[in-house]
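# coords please:
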Amino acid sequence: MKKVLVDTSVIVEFLRVKGKETIYEKILAEKVQPVVSFITPAELWAGESVWEVKEKAKLLEIVLSGVEVVFPGVSTLKLAGKLRAKHKISLLDAFVAAAAIEQNLSLATLNTKDFEKIKEVKLWRG
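Modelled structure (predicted):
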């Protein structure tokens, strides 16, 4: 099965947007396996509303149950540091970019401006 690394922004859009097809829905419709960096679940669980509204927490549990989570090895951590230093991106984005590169996966994100400057990152276009 084809896989794609999904950035936090794509899942947040899916959870918030009603009435239009989201990138995450397109991924699922194309029968592509969503994969996330270890940092994405932490970013999603960091939202205050998840802890305040039980329905949001349940929905997040359901969404995350359908994704594969990848954890960094030493080479991924080293690459993340290099990407952060070279491209002046946030450390969280550097982890995501490094995971996409190391796992040889396209990256689905709404934050294209930070990732476009990293030539090794292939953006998912659906």
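# CA atoms for contacts and neighbours, from now on please.
Noted.
# Residues in contact with the one helix or strand in the chain whose mean pLDDT sits lowest: which ones?
When the helices and strands of the chain are scored by mean pLDDT, DSSP states H and E, helix 48-52 comes last with a mean of 89. The contact list for helix 48-52 (Cα atoms under 8 Å, 6 or more residues apart in numbering) reads 45, 56, 57, 60.
# what do you get if the cut-off is 7 Å, keeping everything else the same?
56, 57 (Cα atoms under 7 Å, 6 or more residues apart in numbering).
# Now it: buried residues?
Neighbour-count burial for helix 48-52, counted by 16 or more other Cα atoms under 10 Å, picks out residue 50.
# Stretch 104-122 now?
105, 106, 107, 108, 109, 110, 114, 115, 121, 122.
# starting at the chain centroid, how far to the least confident helix or strand of the chain?
How far helix 48-52 lies from its chain's middle: 20 Å, per Cα atoms, centre = their mean, to the nearest Å.
# before we move on, what about stretch 80-100?
The answer for stretch 80-100 is 13 Å, by Cα atoms, centre = their mean.
# what about it, start to end distance?
11 Å (Cα to Cα, to the nearest Å).
# And for stretch 60-75?
Stretch 60-75: ends 30 Å apart by Cα to Cα.
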